[in-house]
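Asker: sequence and predicted structure below; questions after.
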Amino acid sequence: MDLPMKNNLNVNIDKNFNWEIIQKELRNQFGNEIYESWLKKIVFEQKFTNHILVSVSTRFIRDWIVSRYLDQILGIIKKFNKEIIRIEFKIENKVDFNKNDNQINANTKISFIKDSFLQYNRIDQNKSFENFVIGESNKLAFEAAKKVSEKIAHYNPFYLYAGVGMGKTHLLNAIGLKLKKDKKVTFISAERFMYQFVKSIKSNEMVKFKENFRNSDVLIIDDIQFMNGKEAMQEEFFHTFNALIDKDSQVILSADRPPNKLVKIQERIKSRFSGGLVVDIQSPEHELRLKILKTKVDDLNILYNEKLKLSSDILNFISSEIRNSIRELVGALNRVASFARIYDRVPNINEVKIILKDLLNINETKITIDNIQTLVCKYFKISKNEMLSSRRSRYLVRPRQVAIYLSKILTTKSLPEIGREFSNRDHTTVIHSVKTIERLKVENTEISNGLNHLKNQILYKNENEI
Ligand code: ADP
Ligand code: MG
């Protein structure tokens with residue numbers, strides 16, 4: 001297909017795209033420690049024309065690899081396959097996935113066989129009222145959801161709104177979970193609803209589509225803000241909606257905003273949405289954030305043999321820093337837990353700061369190579385001129401390597417860019433420095449303490465203190 005590539009060399013390489021060779025090279029270039037702890041976990045999935053797809057088991061591992069090693073990995077792959085310009089990661093958490101899948105299969109088996117329409121009707125066993133943690137900001141929503149699940153068609157429709165990651169899907173799911181014991185529940189995202197709608201038109205299955213929705217006792221549609229345009233679909237939705245309400249089926253909706261703020265949705269639909277009970281979840285207060293963290297830590301400890309003993313300092317730190325959404329908060333905790341699993345110990349507060357760097361309210365632009373150089377020079381008591389000179393005295397080489405290493409892990413600059421800021425050093429010098437410090441950090445506690453101290457200073461120092 002790609003004629004220009006049909007010179008011998010490329011054809012051979014293409015045929016031989018060989019992940020094993022690349023892995024060997026990764027081990028060579030990064031050294032055993034990094035390879036064993038991180039890069040070995042990358043599973044090659046597929047090669048495309050200009051990119052490859054790989055998978056790792058958690059987001060944390062992906063973020064770690066991408067933020068630290070991506071450039072270099074790509075460089076290595078390019079050595080063997082020039083045409084590759086990008087690496088795409090997917091998260092393949094095989095254990096969890098299987099577990100969930102079994103649960104779901106067992107639970108919706110009957111509808112699965114009966115009707116392929118219901119394949120998307122996946123209610124998550126793990127999102128219930130019981131494990132929804134309540135605080136000031138979400139109490140009203142929780143109680144309303146509970147009422148709806150106790151007596152359907154009383155508040156109809158029930159419309160729940162809040163920003164992303166605040167627990168909307170969790171509450172909707174909890175209602176579905178409870179009601180599906182004796183009611184026919186359909187739980188679908190608005191996007192999925194639109195997709196099914198279009199698919200049904202194309203395959204002449206509109207009758208089935210209508211029946212499926214109109215036969216529900218409880219119709220739950222998540223993220224209704226994504227329903228837009230498409231007159232015909234809105235028409236169908238409007239009729240389904242009215243038919244359901246008329247026959248006292250419960251309709252439950254969630255969105256990221258109140259009904260009157262929805263865009264591209266017909267006025268009459270919006271006004272129908274406002275006709276029942278409208279409740280919102282507000283930003284979680286500190287107490288709730290802390291309570292959620294503690295609950296999740298307890299859950300994780302049951303799963304991982306009580307290994308996640310996080311100090312109240314760390315819990316307080318995370319709950320004070322991650323304020324925007326509960327999803328981020330839970331995500332932050334999961335990263336800390338992944339670290340604990342990989343290293344078989346809980347991280348200290350400095351390590352937590354680094355693990356969560358991209359989620360914290362740190363002004364990234366403050367972290368410049370120039371600042372890193374300044375702080376490293378101050379720490380080692382050398383001048384910047386000395387650091388940037390070509391002199392190779394030992395008392396200069398080590399600080400230089402430390403500054404290069406920190407530039408690599410704390411900024412998003414590429415190896416050549418870092419080299420340039422160190423008096424035009426070659427990128428191989430940069431690699432060498434990074435490797436040396438990676439090694440010393442393990443062997444030499446003085447260096448590793450120094451690094452922690454410096455990282456902390458770089459990440460948290462006030463601009464005017466520098
Ligand atoms: P949304 O749908 O509003 O974007 P989700 O319901 O998906 O948010 O919530 C994001 C994550 O946070 C989920 O893992 C959910 O279980 C968790 N979560 C949200 N609120 C709570 C809460 N009050 N108690 C426990 N977990 C919560
Ligand atoms: Mg959601």
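Answerer: Yep, it's here. Ligands and ions are numbered 1, 2, ... in the order given.
Asker: drop to CA atoms for contacts and neighbour counts, all remaining ones
Answerer: Will do.
Asker: low-confidence stretches in the protein?
Answerer: Scanning the chain for pLDDT under 70 picks out 1-16, 93-121, 229, 361-366, 460-466.
Asker: got the residues of the stretch 51-200 of the chain near ligand 1?
Answerer: Contact residues, the stretch 51-200 of the chain versus ligand 1 (C-alpha under 6 Å from any ligand atom): 127, 131-134, 164-170.
Asker: going through these, which ones are buried?
Answerer: 127, 132-134, 164-170 (16 or more other C-alpha atoms under 10 Å).
Asker: which one of these is nearest I221?
Answerer: I221 lies nearest to T169 out of those, by C-alpha to C-alpha, at 9.6 Å.
Asker: any idea how far F273 is from the closest one?
Answerer: 18 Å (C-alpha to C-alpha, to the nearest Å).
Asker: again with G31
Answerer: In terms of C-alpha to C-alpha, G31 sits 59 Å off from F273.
Asker: which one's more surrounded, the two?
Answerer: Between G31 and F273, counted using other C-alpha atoms under 10 Å, F273 has the larger neighbour count: 22 against 15.
Asker: the more buried one against P157, yeah?
Answerer: Yes. Using C-alpha atoms under 8 Å, F273 makes contact with P157 at a distance of 6.5 Å.
Asker: interface residues of the stretch 251-400 of the chain facing ligand 1?
Answerer: Counting by C-alpha under 6 Å from any ligand atom, the residues of the stretch 251-400 of the chain near ligand 1 are 292, 326-327.
Asker: quick one on the thing from earlier: could you dump the residues of the stretch 51-200 of the chain next to ligand 1 to a markdown table with secondary structure?
Answerer: As requested, those are exported to a markdown table (DSSP: H, G, I helix; E, B strand; the rest coil):
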| residue | secondary structure |
| --- | --- |
| K127 | coil |
| N131 | coil |
| F132 | coil |
| V133 | coil |
| I134 | coil |
| V164 | coil |
| G165 | coil |
| M166 | coil |
| G167 | coil |
| K168 | helix |
| T169 | helix |
| H170 | helix |
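Asker: so of these, which two are at opposite extremes in space?
Answerer: N131 and V164 (19.0 Å).
Asker: and the residue of the stretch 251-400 of the chain closest to ligand 1?
Answerer: The nearest approach of the stretch 251-400 of the chain to ligand 1 comes at R327, 3.9 Å away (C-alpha to the nearest ligand atom).
Asker: secondary structure element for that residue, which one?
Answerer: When elements are defined using DSSP states H and E, R327 is found to belong to helix 326-343.
Asker: residues touching that helix, excluding its own?
Answerer: 37, 59-60, 164-167, 284, 289, 293, 296-297, 307-308, 318-319, 322-323, 345-347, 352, 355-356, 359 (C-alpha atoms under 8 Å, 6 or more residues apart in numbering).
Asker: buried members of those into PyMOL, please.
Answerer: Remark: buried members of the contacts of helix 326-343, expressed as a PyMOL selection using 16+ other C-alpha under 10 Å:
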select buried, resi 59+60+164+165+166+167+284+289+293+296+297+307+308+318+319+322+323+346+347+352+355+356+359
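Asker: sorry, back to before: of all the buried ones among the residues of the stretch 51-200 of the chain next to ligand 1, which comes closest to E20?
Answerer: Nearest member of those to E20, counting by C-alpha to C-alpha, is G165, at 39.4 Å.
Asker: for the closest residue to P284 other than its chain neighbours, give me its contacts.
Answerer: Once flanking residues are discounted, P284 sits nearest to S137: 5.6 Å by C-alpha to C-alpha, 6 or more residues apart in numbering. The neighbours of S137, taking C-alpha under 8 Å, 6+ apart as the test, are 281-285.
Asker: and the helix or strand in which T429 is found, how far out from the chain's middle?
Answerer: In the assignment (DSSP H and E), T429 maps to helix 427-443. Centroid separation between helix 427-443 and its chain, computed with C-alpha atoms, centre = their mean, to the nearest Å, is 29 Å.
Asker: also stretch 40-48?
Answerer: For stretch 40-48, the distance to the chain centre is 19 Å (C-alpha atoms, centre = their mean).
Asker: same deal with stretch 47-55?
Answerer: 21 Å.
Asker: ok, stretch 153-167 next?
Answerer: On the basis of C-alpha atoms, centre = their mean, stretch 153-167 sits 24 Å off its chain's mean C-alpha point.
Asker: what do you get for stretch 328-342?
Answerer: That offset, for stretch 328-342, works out to 11 Å (C-alpha atoms, centre = their mean).
Asker: please apply the same query to stretch 291-304.
Answerer: 19 Å.
Asker: would you mark the buried spots in that stretch?
Answerer: Within stretch 291-304, the residues that qualify as buried are 291-294, 296-297, 300, counting by 16+ other C-alpha under 10 Å.
Asker: export these to JSON lines and tack on secondary structure?
Answerer: Below are the buried residues of stretch 291-304 laid out as JSON lines (three-state DSSP):
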{"residue": "K291", "secondary structure": "helix"}
{"residue": "I292", "secondary structure": "helix"}
{"residue": "L293", "secondary structure": "helix"}
{"residue": "K294", "secondary structure": "helix"}
{"residue": "K296", "secondary structure": "helix"}
{"residue": "V297", "secondary structure": "helix"}
{"residue": "L300", "secondary structure": "helix"}
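Asker: nearest residue to the middle of the chain?
Answerer: Compute the mean C-alpha point of the chain, and by C-alpha atoms, centre = their mean the closest residue is R59, 5.8 Å away.
Asker: surely that residue touches E92?
Answerer: No. Contact criterion C-alpha under 8 Å: R59 and E92 do not qualify, at 9.2 Å.
Asker: now do the phi/psi pair for the residue nearest to P284.
Answerer: Main-chain dihedrals, S137, degrees, to the nearest 10: phi -70, psi -20.
Asker: one more: I87?
Answerer: phi -120, psi 130.
Asker: can you get me a residue count around it?
Answerer: I87 has 18 nearby residues by other C-alpha under 10 Å.
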